[in-house]
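> one predicted model, sequence on top.
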Amino acid sequence: MLQAIYASGSALLSTYRLDYGSSTGARFTYGVIVPDTFVLLGPDGVRKTNVIHPSEAELRALLGPSRQ
């Protein structure tokens, strides 16, 4: 889904992938309790929101212009 969203040019935010199994520190810091969780961070690195198992529409909303 991310590839399609970025290919369409509608994503305005960068995404970074962390390995769920080995990134326990990041999981605790950002409250990630299951794989396939997307976390939106503010400019200060603090978690603003998260989406678990998002649909393509939810990902587009998270990454798109309305989140600036």
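Alright, I've got the coordinates.

> Asp36 - nearest residue in space that isn't next to it in sequence?
Take Asp36 and drop its neighbours on the chain: the residue closest to it by CB to CB, 6 or more residues apart in numbering is His53, 5.1 Å away. In short, each C-beta sits where N, CA and C put it, glycine included.

> phi first, then psi, for the one you found.
phi 50, psi 60 (degrees, to the nearest 10).

> would you mind measuring from it to Val34?
Computed with CB to CB, to the nearest Å, the distance linking His53 and Val34 is 8 Å.

> now do Ser14
22 Å.

> same check on Ala4?
Distance from Ala4 to Val34, by CB to CB: 23 Å.

> who's more crowded, the two?
Higher neighbour count among Ala4 and Val34: Ala4, with 12 against 9, using other CB atoms under 10 Å.

> dump the host helix or strand of the more buried one to CSV, restricted to CA.
Using DSSP states H and E, the element containing Ala4 is helix 2-8. C-alpha atoms of helix 2-8 as CSV (Å, rounded to 0.1, in the frame of the first residue of the first chain):
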residue,chain,number,x,y,z
LEU,A,2,2.8,2.4,0.8
GLN,A,3,4.4,2.0,-2.6
ALA,A,4,1.1,2.8,-4.3
ILE,A,5,0.5,5.9,-2.1
TYR,A,6,4.1,7.2,-2.7
ALA,A,7,3.8,6.5,-6.4
SER,A,8,0.6,8.5,-6.7
